[in-house]
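need a 3D model of the sequence below.
(chains A and B)
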Amino acid sequence: MDDFLLRALLGGFGVALAAGPLGAFVVWRRMAYFGDALAHSGLLGVLLGAMLHINPQLGVVLTCLLVALALVVLQWRRGLATDTLLGILAHATLSLGLVALAFLETVRVDLVGYLFGDILAITTADLYWIWGGGLLALGALAGLWRPLLAMTVHEDLARVEGVAVFPTRLAFMLLIALVVAVAMKVVGILLVTSLLIIPAAAARRFARSPEGMAALASLIGGAAVGLGLWASLRWDTPAGPSVVVAATALFVLGLATPGRSRR
Amino acid sequence: MPPEPLLTVEKVNLAIRGNPILRDVSLQVTTGEIVALIGPNGAGKSTLARVALGLIRADSGRVWRKPGARVGYMPQRLVVDDTLPLSVRRFATLGTPASRARVREALAEVGAVHVLDAPVQAISGGEMQRVLLARALLREPELLVLDEPIQGVDLNGQYELYDLISGLRQRRGCGILMVSHELHLVMATTDHVLCLNRHVCCSGHPDHVARDPAYLQLFGLDGARHLAIYHHRHNHRHDLHGAVVEPVESETHG
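You can find the predicted model right below:
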């Protein structure tokens, strides 16, 4: 097998592994649009990285964190629904990124690569980044699991039972920011959310416990990476979107299969 | 053991978006006592319960809970999203880790042991109320806050649950703050009634409150009649000793 292909597979599997459990929570907490908004700010993060001469992914993590914090602050002021705020943040940051790109004549950015991912160009350094960030996110999520699950079911009840709701929610937002930054290389900022949501949604029908759904989402995500890459080589299609199409195909296949859960 | 205060709310005021919800409200719950909050819709009953729990901060006044007290809470409505695969057993232990045997025991206590392994979305509203109570009991609570504990429970189940709740106070000695619509049940099983309509209209022993002009004005003769019905029914149940209780509405003496 070619080296670049091996790196692509390893990178994709790393992302799928981390995106499964986090994506399950994104689905349970109805935060799909939040992930999307974070991802849209990714381009701004890449430019920030270039301007500050730091790793572009680190720039993305920082920008995502800022957007997450901006959302928390805006939510405090109330008045506007969260999806409205997210819509504003998502498109404002993406447009800001594109405008800033025009000003930075010295910076060469592979725009299409960032928008739609460039999984076949994953380097060994990228692999460290993906697996390091992904495992970090998974470890942190494991620590947050019980309180996060309790407050996902009912926030007030969790608070009465002793969950520190605000810090837990903030920590979870930061984890999504980390995973978005990690997954960007594989499917690009416009498609990142799909890797969080589609495998988790596909896993729902076959899972009986939260943990089962999280693990199954990782597996389905991994299978989508493998299938997508294979299809991309076979028919010479763009790799990132092919992975997403493969994930969607698995989701549809799941719908057609009799599930284990009742309903 | 002399009753010990568990929860004290003193002269609490709260306005939400300039709209006064609670005015100068005070209440106390001690060990082994059931305090009921009654009042019309929008009277601020649930809000007061949430203030007492520390979920909402009052604009002024003082809320005190016994430091370190284990609190069990039954929120008014709880619907688990369909996307989350969760069994009743897992749901009950989300707040307090407990063995399967203990969960079974707690569910048996509230009469819902048959749903132990069911998906939490597949049980009825009444079963959910019982499961919520079981989840609160797993915490071995000293203070229980129940927001409309019997909504969605069928009529026979309502009496059962109320008996269970008043039994809890005796068996476990916990203090209970309860929001309720069911006047006839509240009046017969609680120690202290707080009639709320954004302010405390009247409060005291159920018999005392039931004769209060403010109570009669809020609930009308209907409320007073319910009281009589239940008193009769209550006596009847004690005579029967576990036999099936026939409805006795037609034999009211009020």
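
going forward, measure contacts between C-alpha atoms and count neighbours the same way
Will do.

wait, is residue A:93 part of a helix?
Yes. Membership of residue A:93 in a helix is supported by DSSP: H, G, I helix; E, B strand; the rest coil.

for the closest residue to it other than its chain neighbours, what are its contacts?
Once flanking residues are discounted, residue A:93 sits nearest to residue A:41: 4.9 Å by C-alpha to C-alpha, 6 or more residues apart in numbering or on different chains. Counting by C-alpha atoms under 8 Å, 6 or more residues apart in numbering or on different chains, residue A:41 makes contact with A:60, A:63-64, A:67, A:89-90, A:93-94, A:97.

farthest-apart pair in these, please.
Greatest spacing in those, by C-alpha to C-alpha: A:60 and A:89 (14.8 Å).

so for those two, which sits in the more crowded spot?
Between residue A:60 and residue A:89, residue A:60 has the larger neighbour count (other C-alpha atoms under 10 Å in any protein chain shown), namely 28 against 21.

name the SS class of that one, please.
helix.

likewise residue A:49?
Applying three-state DSSP: residue A:49 is helix.

neighbours around residue A:129, how many?
Summarising burial for residue A:129: neighbours were counted as other C-alpha under 10 Å, giving 18.

ok, now residue A:103?
By other C-alpha under 10 Å, 9 other residues sit near residue A:103.

ditto for residue B:136
Residue B:136 - counted by other C-alpha under 10 Å - has 27 other residues nearby.

distance of the residue of the stretch 101-250 of chain B found nearest chain A relative to residue A:172?
Using C-alpha to the nearest C-alpha, residue B:119 is the residue of the stretch 101-250 of chain B that sits closest to chain A, at 8.1 Å. Between residue B:119 and residue A:172 the computed distance is 26 Å (C-alpha to C-alpha, to the nearest Å).

ditto for residue A:6
For residue A:6, the distance to residue A:172 - C-alpha to C-alpha - is 31 Å.

re the thing from before, for the residue lying closest to the residue of the stretch 101-250 of chain B closest to chain A once chain neighbours are set aside, list the residues it contacts.
Excluding its sequence neighbours, the residue lying closest to residue B:119 (C-alpha to C-alpha, 6+ apart) is residue B:87, at 4.2 Å. Shown in contact with residue B:87 (C-alpha under 8 Å, 6+ apart): A:208-209, B:116-120.

Three-state assignment for the residue nearest to residue B:200 when sequence neighbours are not counted, please.
Distance criterion C-alpha to C-alpha, 6+ apart; nearest residue to residue B:200, sequence neighbours excluded, is residue B:25 at 6.1 Å. When classified by three-state DSSP, residue B:25 comes out as strand.

does residue B:25 touch residue B:13 like I think?
Yes. Using C-alpha atoms under 8 Å, residue B:25 is in contact with residue B:13, at 6.8 Å.

would you map out the domains in chain B?
According to automatic domain parsing, chain B comprises the domains B:5-70+B:142-251, B:77-140.

go through those domains and find the least confident stretch.
In terms of average pLDDT, domain B:5-70+B:142-251 trails the rest of the domains of chain B, at a mean of 78.

for that one, the distance to its chain's centre please.
Computed by C-alpha atoms, centre = their mean, to the nearest Å, the chain-centroid distance of domain B:5-70+B:142-251 equals 6 Å.

report the buried members of the contacts of residue B:87.
A:208, B:116, B:119-120 (16 or more other C-alpha atoms under 10 Å in any protein chain shown).

which pair of those residues spans the longest distance?
So, these by C-alpha to C-alpha: farthest apart are A:208 and B:116, at 13.7 Å.

what does chain B put close to chain A?
Contact residues (C-alpha under 8 Å from any C-alpha of the partner chain) of chain B with chain A: B:53, B:55, B:71-75, B:78, B:80-81, B:83-87, B:94-96.

which is the next helix or strand following the helix or strand of chain A with the lowest mean pLDDT?
In chain A, no helix or strand scores lower on mean pLDDT, DSSP states H and E than helix A:111-116, which sits at a mean of 81. Using DSSP states H and E, the helix or strand that directly follows helix A:111-116 along the chain is helix A:124-153.

just checking, what packs against that next one?
helix A:3-28, helix A:155-160, helix A:165-187 (3 or more C-alpha pairs under 8 Å, 6 or more residues apart in numbering or on different chains; DSSP states H and E).

chain A against chain B: which residues are in contact?
By the rule C-alpha under 8 Å from any C-alpha, the part of chain A lying against chain B is A:27-28, A:146-147, A:149-150, A:153-154, A:156-161, A:201, A:204, A:207-210, A:213.

in ChimeraX, select just the buried ones from those.
Applying 16+ other C-alpha under 10 Å to those, the buried members can be selected in ChimeraX as follows:
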select /A:27,28,146,147,149,150,153,156,157,158,159,160,161,201,204,207,208,210,213
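
separation between the closest residue to chain B within the stretch 1-150 of chain A and residue B:128?
In the stretch 1-150 of chain A, the residue that lies nearest chain B is residue A:150 (5.4 Å; C-alpha to the nearest C-alpha). According to C-alpha to C-alpha, residue A:150 and residue B:128 sit 16 Å apart.

tell me the contacts of the closest residue to residue A:254 other than its chain neighbours?
Nearest-residue entry for residue A:254: residue A:202, 6.1 Å, with adjacent residues in sequence omitted and distances by C-alpha to C-alpha, 6+ apart. Contacts for residue A:202 (C-alpha under 8 Å, 6+ apart) come out as A:217, A:220, A:250-252, A:254-255.

the same query, at a cut-off of 10 Å, please.
Shown in contact with residue A:202 (C-alpha atoms under 10 Å, 6 or more residues apart in numbering or on different chains): A:213, A:216-217, A:220-221, A:247-255.

which of these lies closest to chain B?
Of all these, residue A:213 has the smallest distance to chain B: 7.5 Å, by C-alpha to the nearest C-alpha.

skip the chain neighbours and tell me the closest residue to the residue lying farthest from the centre of chain B.
Seen from the C-alpha centroid of chain B, the residue lying at the greatest distance (C-alpha atoms, centre = their mean) is residue B:83, 29.7 Å away. Distances taken as C-alpha to C-alpha, 6+ apart place residue A:28 nearest to residue B:83, at 5.9 Å, with adjacent residues excluded.

and the one you found, how far is that from residue B:75?
To residue B:75, residue A:28 is 20 Å away according to C-alpha to C-alpha.

show me what the residue nearest the centre of chain B bridges to in the sheet.
Nearest to the geometric centre of chain B sits residue B:178, at 3.0 Å (C-alpha atoms, centre = their mean). Following DSSP bridges, residue B:178 is listed with bridge partners residue B:36, residue B:146.

in this structure it contacts residue B:149, no?
Yes. Counting by C-alpha atoms under 10 Å, residue B:149 is a contact partner of residue B:178 at 7.7 Å.

quickly list what's touching both of those two.
Shared contacts of residue B:178 and residue B:149, defined by C-alpha under 10 Å, 6+ apart, comprise B:74, B:165.

helices along the stretch 51-200 of chain B, start to end?
For the stretch 51-200 of chain B, the helices defined by DSSP state H, counting those that start in this stretch occupy B:88-92, B:100-109, B:125-137, B:155-172, B:183-189.
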